[in-house]
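K.L.:
predicted coordinates and the sequence they were generated for:
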Amino acid sequence: MKLFPRVLTVAATALIYSALPVQAEDKSWSVGASVSFFSDYMFRGFNLYDGAAIQPSLLFSYDTGYGTLSYSPWSHISAEGDRQVDKFFEIDHTIAYEASWDPITIKVGHVWYTYPDNSDELPASEEFFATVVWDDSSVSPFSLAPTFSAYHDYDLVDGQYYELGLSHAFDVSSSNGQSYPVTPFAAFGFASNSEAIYEHNGLVQITTGVSSSLKLGDIDVTPSLNYTFGLDDNTVNEFWFGMSLSYSL
């Protein structure tokens, strides 16, 4: 299984490049790329890398007519140069299927967490996940866009992590008459059967913050300010910020 993510990367990359010439003819295929810059690498209440991080990703998807199949490689790269001895390289691979039945969208998939060429021998892991998004705008004037995700790590931890996300977008007008969306959000993280990672089960962290979405030509720019409240003995309180740039063909 540990060899599979690398094989998947090579195969998917070849498929992506072979699909690019037919983008204009076949709208079923789509390719997107993004790169994020963060002050810290925060993940489920943990500060996995205490320093500037670069996180590029690629999304390759195909609309089957009955839902969308996708593959996405994602990476963490240290932006700290030689300052930190604990810097590491991570590449994760996600395959997923997503379908919508108004007002519900469901996404299921699998993630491989890998650390190639890592001298610290960080353990790789694998998990299944399912996400449900409810578009509540038709029933509430103050939509919270509830999003619930469940993850089951069956390899390293054999435990579960759950997250409930709530958000609401506002349009804020600037002095030049333009308006920009500003979105406050909160994410509540819960754990079960995860004693190898968290000290206790139940609510282990809450992350709150605000993000926006701006256009820079064809590039979407998403800055964010965030604060994580560590509610477990092993999670941390941390202020962190970042910016994501994304582009879709």
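P.N.:
On my side now, so go ahead. The model shown is predicted, which means the values in this text are computed figures rather than measured ones.
K.L.:
quick one: residues contacting S125.
P.N.:
Neighbouring residues of S125 by CB atoms under 8 Å, 6 or more residues apart in numbering: Y113, D153, D155, L156, V157. The C-beta positions use only the backbone N, C-alpha and C, and glycine is treated the same way.
K.L.:
report the spatially closest residue to it, excluding sequence-adjacent ones.
P.N.:
Distance criterion CB to CB, 6 or more residues apart in numbering; nearest residue to S125, sequence neighbours excluded, is L156 at 3.7 Å.
K.L.:
can you check G65 too?
P.N.:
S28 (7.9 Å).
K.L.:
now swap in S248 and tell me
P.N.:
G32 (4.1 Å).
K.L.:
after the strand or helix carrying that neighbour comes which helix or strand?
P.N.:
Assigned by DSSP states H and E, G32 belongs to strand 29-38. Once the chain leaves strand 29-38, the next helix or strand it forms, by DSSP H and E, is strand 41-43.
K.L.:
given that next one, what are its sheet partners and their directions?
P.N.:
strand 46-49 (antiparallel) (DSSP bridges).
K.L.:
how far off centre is the partner strand?
P.N.:
15 Å (CA atoms, centre = their mean, to the nearest Å).
K.L.:
could you identify the helix or strand that succeeds it?
P.N.:
strand 53-63.
K.L.:
that following strand versus strand 29-38: what angle between them?
P.N.:
160 degrees (axes from the mean of the first three to the mean of the last three CA atoms, to 10 degrees).
K.L.:
alpha carbons of the following helix or strand past strand 53-63, in PDB - could you do that?
P.N.:
Using DSSP H and E, the helix or strand that follows strand 53-63 in sequence is strand 68-78. Only the C-alpha atoms of strand 68-78 are listed here, as PDB (Å, rounded to 0.1, in the frame of the first residue of the first chain):
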ATOM      1  CA  THR A  68     -17.900  13.900 -10.000                       C
ATOM      2  CA  LEU A  69     -14.800  11.800  -9.600                       C
ATOM      3  CA  SER A  70     -11.600  13.500  -8.500                       C
ATOM      4  CA  TYR A  71      -8.000  13.000  -7.700                       C
ATOM      5  CA  SER A  72      -6.000  15.600  -5.800                       C
ATOM      6  CA  PRO A  73      -2.300  15.500  -4.600                       C
ATOM      7  CA  TRP A  74      -1.500  18.000  -1.900                       C
ATOM      8  CA  SER A  75       1.900  18.900  -0.300                       C
ATOM      9  CA  HIS A  76       3.400  20.600   2.700                       C
ATOM     10  CA  ILE A  77       6.800  22.200   2.100                       C
ATOM     11  CA  SER A  78       8.800  24.100   4.700                       C
END
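K.L.:
so which bits of strand 68-78 are buried?
P.N.:
T68, S70, Y71, S72, P73, W74, S75, H76, I77, S78 (16 or more other CB atoms under 10 Å).
K.L.:
list the contacts of it.
P.N.:
For strand 68-78, contacts defined as CB under 8 Å, 6+ apart pick out 8-9, 12, 41, 48-49, 51-62, 84, 87-99, 109.
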